[in-house]
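Undergrad: Need a 3D model of the sequence below.
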Amino acid sequence: MGIFDALTTAVTGLQAQSVALQNVSGNIANSQTTGYKETDTSFEDLVTAAAQSQQVAGSVTTSSRATNSVQGAIQNTSVSTDMAINGNGYFVVAQPQSTSDNQPVFSGTDLFTRRGDFQQNQNGYLVNGAGYYLMGIPVDPTTGNPVGSVPQVLQFSNNFMPASATTAIDYQANLPSYPQTSDANASIPGSELLNPADYTANPVAGAPTPAKITGNGAKLSPDAAATETGTANLATLSATAGTLVINGTPITINAGDSAAAVVSDINGETPATGVTASLNGSNNLVLTSADATTNIDIGGASTAADLTQLGLSVGTTDATNIISQGAAAPNQTLVITVGANAPLTVTFGTAAGQVQTLAQLSTALGSLTGGTASVDTTNGNITVTAANSTDQINVTGTATPSVFGIQNTTALPANGTVVANDSSLFLSQSLAGGSVTAYDSTGAPVNMQFRWAKIASVGSGGTDTWQLFYEVNSTATGNAPQWQNAGTSFTFNSNGQMSPAVANLTLNNVTVNGTPLGNVQLKFGTNGLTQFADSGGTVQVNELQQNGFAAGQLQSIAVDNQNRVVGTFSNGQTIPLAQVTLATFPGQDNLQNLSGDAYAATAESGAPNFSAPGQIEGSSLESSNVDIADQFSMLIVTQQAYSANAKVMTTADQMIQSLLAVIQ
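TA: The predicted structure follows:
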């Protein structure tokens, strides 16, 4: 039977080489297909059961072997929505099953692909060349964070961005040590300063506005009593005789005391300790101080056995107040002066008459002369307003004002208004400080113009002092206000640095050419404003940017290096719209191939994990991983093997013919 077995084996050989040829043919045909993964052929011999000395070479069978884990080369393209995955991962895609009202209807089954030639269709979906729709997670345009965690089909159709009002302006500039204005102040030799005496008083609707300091950025916690909770369950407590020392007062614990008895013992000493006791729902002992000025101190003289039974330990639990948070140290001061009035000095600390809590600070600020002062007891921001429109506010002392949100320690009344009749003089005594387009809440643009005027110099026996103005009405006439003083003096030391530093300045109730902007914060940063030598004598603006914008319509989309689809809007803003989800599999070479270079998950591949580490490269595509040279080599080998199997069949046929001739 060996001859007939040889024929059968040769047939399996021909079949196996035919499969190999088919795979080689498919690989070569798809060598230019985006994201295609070649299919290799594995051969396996089939041996019949027999004793070792009687075994013969068996037949052959084949199986296809995927190369999904082998990445193809990444090629740059000119299409902004093309995507290539550099590393591990698959795009999550969906295939529509039908349409309804000209919209695709999806089956809800996630499919996967490396083919990234996505383009936006007429309905705003990103669809690749094989008709698969890209999936991902939408991004909140305000926070930039993904909304949810389950991928969904992405659609970017007629996205609209609402307007955002200007609330902050980043401003950095160098002011010249010697300003080159067109009108030198002859009364001060060697200087070119603004002379307030030259200007007309402003009696019209721009009546002087009192100086004001508005706290911003304080992060203190509200006042709170101290609380300590024991770790022991006291449901079956039978106390050991001993002593519990709280805030220096010994409390006698009797032998056999229950939890209720211990609570009663502690509360009996509340007048001396300032601490009350209770039991929570878990039968833990809870100690609470009387207020935000009282701490809980459990002394080391307490009986160790009772501490263990009650779940307490030696140490101090602080109440929440200004001192315990480190906002101010004992005996530090905050001094607020309004005009020529007597200063208000707030002294921090725990001694009698000193301020320890935000509530006490609120009471102390109520004694300010010449104005009003208050503190937000939820965060510590202090606000000071002068009563007289001509008074200046100064904040000094040894405490750190910024802890209480005071970024500007000097506030001038906003009575530095320049009327239209004095505009030409003002322009000749000041320097241009740049301009920026700001936006109101509806997206209406306004042009904010800034100018700097030097009002004092070292040469005049003082320090170099500047004031900032912004234009409020470019068409003003007569005694109508045209320029507004920002209300803060900027002083510089001999090294050209601000002293004191002004990191932020809030312009209150800004209105420009009739368009209200509300409060706008100028952000100078730590060293944003300097006064270094400048041969030109002009203000060198290094940064002037604001955070508002008009409403906008989506113009185009692209892919960034954070695996996000970003949109560019007609207002010039570019924001993330969606996070592209990448999936990975424990056995990615066991995915089921689908037409169009897509895959479906199988039991052998495992479930997808939507946190693949691959990096998406925009305006790029992954080429096929087929190596033509390798395929041609395999083609030659396959052809030779096929011919050899055919030769075996020819030989077997000749042997059979010889056998038949003998029989005849």
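Undergrad: which one is Glu265 nearest to, not counting chain neighbours?
TA: One correction, residue 265 is Asp, not Glu. Nearest non-adjacent residue to Asp265, counting by CB to CB, 6 or more residues apart in numbering: Ile251, 5.5 Å away. Backbone N, C-alpha and C define where each C-beta goes, glycine included.
Undergrad: who does that neighbour bridge with?
TA: On the basis of DSSP bridges, Ile251 is bridged to Leu244.
Undergrad: Does it touch Gly242 like I think?
TA: No. Counting by CB atoms under 8 Å, Ile251 does not reach Gly242; the two are 9.7 Å apart.
Undergrad: related to what we said a few turns ago, in contact with the residue nearest to Asp265, which residues are there?
TA: When contacts are counted by CB atoms under 8 Å, 6 or more residues apart in numbering, Ile251 touches Thr243, Leu244, Val245, Asp265, Ile266, Gly268, Glu269, Thr273.
Undergrad: number of nearby residues for the closest residue to Ala444 other than its chain neighbours?
TA: Take Ala444 and drop its neighbours on the chain: the residue closest to it by CB to CB, 6+ apart is Thr515, 5.7 Å away. Thr515 sits with 15 neighbouring residues when counted by other CB atoms under 10 Å.
Undergrad: roughly how far out does the lowest-mean-pLDDT helix or strand in the chain sit from the chain middle?
TA: Here the helix or strand of the chain ranked lowest by mean pLDDT, DSSP states H and E is strand 410-411, holding a mean of 75. Its chain's C-alpha centre and that of strand 410-411 lie 33 Å apart, by CA atoms, centre = their mean, to the nearest Å.
Undergrad: Other residues contacting that strand?
TA: So strand 410-411 is contacted by Ala211, Lys212, Ile213, Val384, Ala386, Gln392, Ile393, Asn394, Val395, Gly487, Thr488, Ser489 (CB under 8 Å, 6+ apart).
Undergrad: of all these, which two lie farthest apart?
TA: Val384 and Ser489 (16.0 Å; CB to CB).
Undergrad: out of these two, which sits in the more crowded spot?
TA: A count of neighbours by other CB under 10 Å puts Val384 above the other of Val384 and Ser489, at 25 against 19.
Undergrad: Buried ones in stretch 42-51, by neighbour count?
TA: Residues of stretch 42-51 include none that count as buried (16 or more other CB atoms under 10 Å).
Undergrad: Check stretch 73-85 too.
TA: By neighbour count with 16+ other CB under 10 Å, stretch 73-85 contains the buried residues Thr77, Ser80, Thr81, Asp82, Met83, Ala84, Ile85.
Undergrad: Now, those residues that are in strands?
TA: In this view, those that belong to strands under DSSP state E are Met83, Ala84, Ile85.
Undergrad: Pairing partners for the least confident helix or strand of the chain, with directions?
TA: strand 393-396 (antiparallel).
Undergrad: got a list of contacts for the strand it pairs with?
TA: Strand 393-396 has contacts (CB under 8 Å, 6+ apart) with 211-213, 334-338, 371, 384, 386, 401, 406, 409-411.
Undergrad: From those, keep the buried residues only.
TA: By 16+ other CB under 10 Å, the contacts of strand 393-396 give 211-213, 334-338, 371, 384, 386, 401, 406, 409-411 as buried.
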